[in-house]
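Engineer: Please find the sequence and the predicted model below.
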Amino acid sequence: MKLLVTGACGFVGSQIIEGILNRTASGVEVWGLDNLCRRGSETNLARLQQLGVRFRHGDVRVTSDLQSFPEVDWVIDCSAQPSVLAGVDGNASSRQLVECNLNSTIELLELCRRNRSGFILLSTSRVYSINQLAQLPLKTTGLRFELDDAQSFPQGVSVRGLARDFSTQPPVSLYGATKLASEQLAIEYGLAYDFPVGVNRCGVLSGAGQFGRPDQGIVSYWIHSWQARSSLRYIGFSGSGRQVRDCLHVADLAELVWKQLSSLKAGATEVHHVSGGIDRSFSLAEMSAWCQDRFGKHTVLPDPTARPFDVPWLVLDSHATQQAWDWTPHWSIDEIFEDIAKFAEQHPEWLSRTV
């Protein structure tokens with residue numbers, strides 16, 4: 001089996017490659033592509049080369065960069081501008097966002113069409129309607145917001161979280177719109193040209209070695225910052241830190257991707273929630289309490305400033321995915337936090353290298 005992994009030197013891409021190669025002794029040849037524009041991504045290159053990955057420096061948006069690869073059986077797309085603030089925060093233009101997240105998908109789908117390669121797209125929970133998420137019936141319990149089961153839930157919501165039929169009506173952010181459009185294009189290409197497509201809508205992904213920033217990789221950023229006693233803020237929601245997301249260790253994602261590579265057949269087009277679910281959900285305030293127990297006291301400043309893309313509660317229900325693929329996340333939320341904490345202690349310079 002030959003694989004092409006884009007964004008190969010990013011945290012998720014490199015961890016998926018390692019997870020796949022650790023599951024097979026032979027018979028898998030991995031090619032990697034990355035433009036190394038994200039600070040810190042170059043640190044993963046040596047490890048990939050030690051694993052036998054055939055790496056090429058290039059840009060997934062450039063047709064000629066893709067033409068240099070041999071025919072592969074699968075393309076795993078881990079390349080993206082991964083922040084909901086992308087295109088509006090001044091770090092990347094709106095055009096860069098669209099080119100990175102949508103135009104690149106078209107280039108890869110054309111490659112899959114020519115070679116009849118399977119395609120796996122890593123998508124996001126941020127394809128769902130911001131307005132509808134903001135209107136979820138919530139209550140305050142301890143250090144977090146929770147669904148208020150005394151009220152009726154909208155379509156696509158249960159005590160386990162959001163299902164696939166939750167609203168994707170705008171606004172979803174420019175970032176969410178590019179990922180949703182990429183999903184739809186991938187499915188249409190797969191149906192039209194008879195190659196398998198797997199779309200994995202992921203919640204918060206994390207683990208040791210992630211490049212943490214306030215807008216992306218929040219778990220890594222928070223734990224590294226706490227360990228280093230760097231500045232932290234609870235932004236929005238009255239500065240309480242009670243906003244909730246779910247978390248999945250990237251090793252659990254790699255296990256599912258391997259199952260998909262082994263089982264998805266030509267013509268199959270599937271969209272799945274790949275998340276830690278309600279059992280692996282956390283609020284910022286709860287993560288702070290964990291950090292205080294682990295590292296000692298540190299002050300987090302409240303900042304009640306509201307931002308247009310922030311939501312109070314976003315947990316994906318991955319029950320259907322678990323049943324369909326006989327897949328269960330193994331890493332608990334405490335184990336994920338501890339994995340990152342140990343890495344932070346071993347690499348106190350990490351934030352300065354990657355932020």
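Structural biologist: Great, that's in hand. Just so it is clear, the structure is predicted and the values come from calculations on it, not from any experiment.
Engineer: What residues sit buried inside the biggest helix by length in the chain?
Structural biologist: Criterion DSSP state H: the longest helix present in the chain is helix 173-193. For helix 173-193, the neighbour count (16 or more other CB atoms under 10 Å) marks 173-183, 185-187, 189-190, 193 as buried. Quick note: C-beta positions are derived from backbone N, CA and C, even for glycine.
Engineer: Going along the chain, name the helices of the stretch 251-355 of the chain.
Structural biologist: Secondary structure of the stretch 251-355 of the chain by DSSP state H, counting those that start in this stretch: the helices cover 284-295, 319-325, 333-346, 350-354.
Engineer: Make JSON lines from the ones you listed and add distance to residue 65, mean neighbour count and mean pLDDT to it.
Structural biologist: What follows is those, written out as JSON lines (distance: least, CB to CB, whole Å; neighbours: other CB atoms under 10 Å; pLDDT from 0 to 100):
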{"stretch": "helix 284-295", "distance to residue 65": "39", "mean neighbour count": "18", "mean pLDDT": "98"}
{"stretch": "helix 319-325", "distance to residue 65": "32", "mean neighbour count": "15", "mean pLDDT": "96"}
{"stretch": "helix 333-346", "distance to residue 65": "32", "mean neighbour count": "18", "mean pLDDT": "98"}
{"stretch": "helix 350-354", "distance to residue 65": "24", "mean neighbour count": "18", "mean pLDDT": "81"}
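Engineer: of all the ones you listed, which lies closest to residue 41?
Structural biologist: Smallest distance to residue 41 across the helices of the stretch 251-355 of the chain (CB to CB): 8.6 Å, for helix 350-354.
Engineer: For that closest one, name the packing helices and strands.
Structural biologist: helix 218-228 (3 or more CB pairs under 8 Å, 6 or more residues apart in numbering; DSSP states H and E).
Engineer: pLDDT of the helix or strand following the helix it packs on, averaged?
Structural biologist: Sequence-wise, the next helix or strand downstream of helix 218-228 (DSSP states H and E) is strand 233-235. Across strand 233-235, the average pLDDT comes to 97.
Engineer: report the angle between the axes of the very next helix or strand once past strand 233-235 and helix 218-228?
Structural biologist: Going down the chain from strand 233-235, the next helix or strand is strand 244-249, by DSSP H and E. Relative orientation of strand 244-249 versus helix 218-228 (axes from the mean of the first three to the mean of the last three CA atoms, to 10 degrees): 90 degrees.
Engineer: Sheet-wise, list the partners of strand 244-249 with their directions.
Structural biologist: strand 204-206 (parallel), strand 281-283 (antiparallel), strand 313-314 (parallel) (DSSP bridges).
Engineer: Of the ones you listed, which is nearest residue 231?
Structural biologist: Smallest distance to residue 231 across the strands paired with strand 244-249 (CB to CB): 19.3 Å, for strand 281-283.
Engineer: so how far is that closest one off the chain centroid?
Structural biologist: 16 Å (CA atoms, centre = their mean, to the nearest Å).
Engineer: before we move on, what about stretch 175-194?
Structural biologist: The mean C-alpha position of stretch 175-194 is separated from the chain mean by 17 Å, CA atoms, centre = their mean.
Engineer: Next, give phi and psi for residue 121.
Structural biologist: Phi and psi for residue 121, reported as degrees, to the nearest 10, are phi -110, psi 130.
Engineer: contact partners of stretch 279-293?
Structural biologist: Stretch 279-293 is contacted from outside by 143-145, 161, 218-219, 222-223, 226-227, 232, 234, 240-248, 298, 300, 315, 329, 331-334, 336-337, 341, using CB atoms under 8 Å, 6 or more residues apart in numbering.
Engineer: How far away from the center of its chain is it?
Structural biologist: 19 Å.
Engineer: With just CA atoms, put it into PDB.
Structural biologist: What follows is stretch 279-293, C-alpha atoms only, in PDB (Å, rounded to 0.1, in the frame of the first residue of the first chain):
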ATOM      1  CA  ASP A 279     -16.600  11.500  28.500                       C
ATOM      2  CA  ARG A 280     -13.500  13.400  27.300                       C
ATOM      3  CA  SER A 281     -14.900  16.900  27.400                       C
ATOM      4  CA  PHE A 282     -13.400  19.700  29.500                       C
ATOM      5  CA  SER A 283     -13.700  23.400  30.200                       C
ATOM      6  CA  LEU A 284     -10.800  25.800  30.400                       C
ATOM      7  CA  ALA A 285     -11.500  26.300  34.100                       C
ATOM      8  CA  GLU A 286     -11.400  22.500  34.700                       C
ATOM      9  CA  MET A 287      -8.100  22.300  32.800                       C
ATOM     10  CA  SER A 288      -6.800  25.100  35.000                       C
ATOM     11  CA  ALA A 289      -7.800  23.100  38.100                       C
ATOM     12  CA  TRP A 290      -6.000  20.100  36.800                       C
ATOM     13  CA  CYS A 291      -2.900  22.200  36.000                       C
ATOM     14  CA  GLN A 292      -3.000  23.700  39.500                       C
ATOM     15  CA  ASP A 293      -3.000  20.200  41.000                       C
END
